[in-house]
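# I'll drop the sequence and a predicted model, then ask my questions.
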Amino acid sequence: MKGQVQPIRRALLSVWDKSGLVEFARGLAACGISMISSGGTARVLRDADVPVTEVETVTGAPEILGGRVKTLHPHIHGGILAVRDDPEHMADLERLGIEPIDLVVTNLYPFSQAVADPLAGEDDIVEMIDIGGVTLVRAAAKNWSDVGIVTSPHEYGEVLQEIEEHGGLRSEVRKVFAGRAFALTAAYDAAINAWMSRDAELPETLAFAEQRRAVLRYGENPHQFGGLYLDPGEDTWASEANQHGGKEMSFNNIWDTEAAWRLVSEFEDAACVIVKHAMPCGVAEAASVEAAYRRAFDCDPTSAFGGVVALNGPVDEQTATDMADIFLEVVISTAFTPPALEVLATRKNLRVLECALPWIPTGYDMKRLAGGFVVQDWDFVSVDGWRVAGSVEPTIEQWTDLKFAWRVCAHVRSNTIVLARDRQAVGIGSGQQSRVDAAGIAARKAAGRAEGGVAASDAFFPFRDGLDACAESGVRAVVAPSGSVRDDEVAAAADDLGIALVWTPQRHFRH
C-alpha cells in the first residue's frame, strides 16, 4: 500500500476539542466509513444521530480510572499499528479478531490552557497531561504508510476532500499529516517539561517546539531565507500585535520592533523610542506622546530615517502627520485614533502595529551557537544600590536624568555611552570596542546639547579617560557600574572635574 491511496473503511474518533466534529463525522459516514469512538466523543455523535460503535464494544473492556484508560488496548493499537503488507501482522490481526483502523482522529487535552489558568491547581494540571491521545497520535503517525492521522479540526475539510476526490488519503498527504502529528506531540511534551522544571533556574533539559507563524520574504539579507516561529504557549507582542497597514513584516522589522517595544514598555510617562539596527537612536519622555516623538526624533534625525518608532500611548493625527513626513519602516503603539490611521495609510509601505502594554519578556534570553545556545535570564534594569562615589551630590533633576539614561543605556550595544538631558537622549555612542570611542561618538551626536546634562556608561570605567571624555561633552553627572581596580582613581577624577559620579552595582553589557 506504500506510495498509493489508502482507502478508509474504519475510523477512530476520540477528541477533546469537539469543534466541527459532528459535521466531519457525517461526512465520513456519507463516504461509507464506519466509526468507533469513546467517552464524550461517542456521546456527542450519538446525540447527533451519527452511527458510531463504542470503543468498549471493540475492546470488551469498559473505561476505567475515571476515563484515564479507554483506548489503551491491543484491539485498538493493533488495528492502528499493523503494517498492511506484512503477512505476519495481518495474520496476527486475523488470529485475534482485530479489525484494521485506517484513520485516527484525535486531539489532546489542553495542557497549556490549564497551566495558564490561575485557578488551576497542580492536580488539575496533572489531569490535563494526555496519555491515551498522545499514544494514539504516535501510533497512527508511525504507521503513516497505512493509516491517516488527523490532529486538528482545521484538517477536517482537507480530509473529506481527499476522500471524495481520491477514495482515500494519498501517501504524500498521510506523510504530511504524520509530520504535523509528531510536531504536536513534541510541542506538548515540551510544554509539560517546561511546567515540570518551572522552579529550576537552569533545567537540565530545555525543550521547546516553536510554531511557524510566517514565512518571511528573506532573512537579514536577501540571499537568506527567513521565518517567524513563536511559542504557542506564550503570549508575545509578535503574536498579539494587530497590523493596520503596510507591507508584511520582514526579519529585520521584527527584530527591530522587539527592541523598540521592549524599551518603550519600561517607561510610565509618555515616551517614544526610535530604533535603527536593533539599537535606540532616539529616546525621550515628555508630557505627551507627540512631544515625546519630536524629542526622540531630534536626538539623531539622520539615524531615524528608515527606523522603527515605538510609543507607549495613543497616537493622534498630529503625531501621525509628524511621523509621515519621513521614511519609517514600522510604527508600533498602544492605540491610534482613526484620523491618525488615515494619515499613516498614505505611506503605503509603512507597517502600523497596535499592541497592548505592558509587555515583559518571559522564559529565557538565548543566543544561538552552532549546535546549541547560551542561556540566561532576562536583563532587567534596576536603580537599587546606587551610591554617590565622590563628593558632589547630583541635583534632583540630575537624579531623574541619570535614571532615564541608565534605562536607555541597558538597551544599547556595548560599549555604550548615553548622554541625556531633561529626559531626552541627546547622544548615543554604541557598539564600540573602546569606551572612550563610545563617549566620543555620543558627544559628536549631541553637538553641545549635553551641556549640563548627564551620562550613563553600561560598564565600569577601567581608566579615568572614559570619564574625561564624558565630561568633555559638558555633562555634570555620570552613572556607571563600580568594579574597576581603579574605581578610587575614577572617583577622584570626578571630584577634580567637579561632576557627580554615581556607582551602580549592575552592569548592562549587550553583545
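Thanks, I have it.
# Extract the residue ranges of the stretch 201-350 of the chain that are flagged as low pLDDT.
Counting by pLDDT under 70, the stretch 201-350 of the chain contains low-confidence ranges at 233.
# switch to 80 and redo it
Counting by pLDDT under 80, the stretch 201-350 of the chain shows low-confidence ranges at 208-209, 232-235.
# all strands of it, in order?
211-216, 226-230, 242-245, 270-276, 279-286, 307-311, 328-333 (DSSP state E, counting those that start in this stretch).
# These: which one's closest to residue 408?
strand 279-286 (4.9 Å; C-beta to C-beta). The C-beta positions use only the backbone N, C-alpha and C, and glycine is treated the same way.
# Dump the strands of the stretch 201-350 of the chain to a markdown table, plus mean neighbour count.
Below are these laid out as a markdown table (neighbours: other C-beta atoms under 10 Å):
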| stretch | mean neighbour count |
| --- | --- |
| strand 211-216 | 13 |
| strand 226-230 | 15 |
| strand 242-245 | 14 |
| strand 270-276 | 26 |
| strand 279-286 | 25 |
| strand 307-311 | 28 |
| strand 328-333 | 25 |
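# can you list those in TSV and add distance to residue 454?
TSV is the format used below for those (distance: least, C-beta to C-beta, whole Å):
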stretch	distance to residue 454
strand 211-216	40
strand 226-230	38
strand 242-245	37
strand 270-276	17
strand 279-286	13
strand 307-311	23
strand 328-333	28
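# Between the ones you listed, which one is closest to residue 33.
So among these, strand 211-216 is nearest, using C-beta to C-beta, at 30.2 Å.
# counting contacts, what elements does the least confident helix or strand in the chain by mean pLDDT pack onto?
Every helix and strand in the chain was compared by mean pLDDT, DSSP states H and E; the lowest is helix 55-59, with a mean of 81. Judged by 3 or more C-beta pairs under 8 Å, 6 or more residues apart in numbering; DSSP states H and E, helix 55-59 is in contact with strand 34-37, helix 74-81.
# For it, buried residues please.
Neighbour-count burial for helix 55-59 flags 55-56, 58-59 (criterion: 16 or more other C-beta atoms under 10 Å).
# and the helices and strands packed on helix 55-59, which one's lowest on average pLDDT?
Among the helices and strands packed on helix 55-59, helix 74-81 has the lowest mean pLDDT, at a mean of 88.
# Tell me which helix or strand comes right after it.
Following helix 74-81 in sequence order, the next helix or strand is helix 87-96 (DSSP states H and E).
# quick one, that next one and helix 74-81 angle?
Helix 87-96 and helix 74-81 are oriented at 150 degrees to each other (axes from the mean of the first three to the mean of the last three C-alpha atoms, to 10 degrees).
# Let me know the average pLDDT across helix 87-96.
Mean pLDDT, computed over helix 87-96, is 89.
# Extract the C-alpha trace of that helix and format it as PDB.
Taking Å, rounded to 0.1, in the frame of the first residue of the first chain, the C-alpha atoms of helix 87-96 are listed here in PDB:
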ATOM      1  CA  PRO A  87       1.800 -11.100   6.300                       C
ATOM      2  CA  GLU A  88       2.700 -11.800   9.900                       C
ATOM      3  CA  HIS A  89       1.000  -8.600  11.100                       C
ATOM      4  CA  MET A  90      -2.200  -9.400   9.200                       C
ATOM      5  CA  ALA A  91      -2.100 -13.000  10.400                       C
ATOM      6  CA  ASP A  92      -2.000 -11.700  14.000                       C
ATOM      7  CA  LEU A  93      -5.000  -9.500  13.400                       C
ATOM      8  CA  GLU A  94      -7.000 -12.400  11.900                       C
ATOM      9  CA  ARG A  95      -6.000 -14.700  14.700                       C
ATOM     10  CA  LEU A  96      -7.000 -12.200  17.400                       C
END
